[in-house]
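Colleague: here is the input, now give the coordinates:
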Amino acid sequence: MHTWKKICIHSAWIGFLFSILTTALLHDFTPIPGGVAYSLAFSIRTFTGPILMLFYLSALVLLLTKESRQRMLQPIASVGRMALTNYLMQTLIFVTIFHGYGFGLFNQVGSFAGVILSVSVFIIQIVLSTLYLKKFNQGPMEWLWRKWTYKNV
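Modeller: Below is the predicted model:
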């Protein structure tokens, strides 16, 4: 656990620092000329993603070391067991909301509303996945996928 804590702490401050630096370079908060700053920002961003990934991963590992937290997050496992079904469901929902043949709300929804919408859809998926898996062993798309994959075996 000591190693995970070190990774979590160091990746957090390095990722945070790189994110601030990238933002400062992209929004002309530095004396560096625009083209150079832009190129430098995108070069730094190349390293920032993997560093922040290490932070998220290590934080999740540390979060899940206690059994009480594992039980608390158990409903999310249902979404994972139906990953293909939920991915396709999200695609259908958001395509319908944002594209012209649906409600056409692309560029009409702000960041805050977008986050609320995304979290709401995910919560609905947690509930539906949990209920569905009480009756069936796998999601409908997972069932079709396995049926298609193993049809000649």
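
Colleague: tell me which strands and helices the helix or strand bottoming out on mean pLDDT in the chain is in contact with?
Modeller: Each helix and strand of the chain was given a mean pLDDT (mean pLDDT, DSSP states H and E); the minimum falls on helix 67-72 at a mean of 84. Taking 3 or more CB pairs under 8 Å, 6 or more residues apart in numbering; DSSP states H and E as contact, there are no helices or strands that helix 67-72 lies on. Placement of C-beta: from N, CA and C, glycine included.

Colleague: tell me how far the helix or strand just after that helix lies from the chain's centre.
Modeller: For helix 67-72, the following helix or strand on the C-terminal side (DSSP states H and E) is helix 74-81. Distance of helix 74-81 from the chain centroid (CA atoms, centre = their mean, to the nearest Å) equals 14 Å.

Colleague: next: stretch 114-133.
Modeller: The chain centre lies 14 Å from the centre of stretch 114-133; the measure is CA atoms, centre = their mean.

Colleague: buried sites along it?
Modeller: Buried residues in stretch 114-133, counted by 16 or more other CB atoms under 10 Å: 117, 121, 125, 126, 128, 129, 130, 132, 133.

Colleague: list the contacts of the third one.
Modeller: If you count contacts by CB atoms under 8 Å, 6 or more residues apart in numbering, residue 125 has them with 79, 86, 89, 90.
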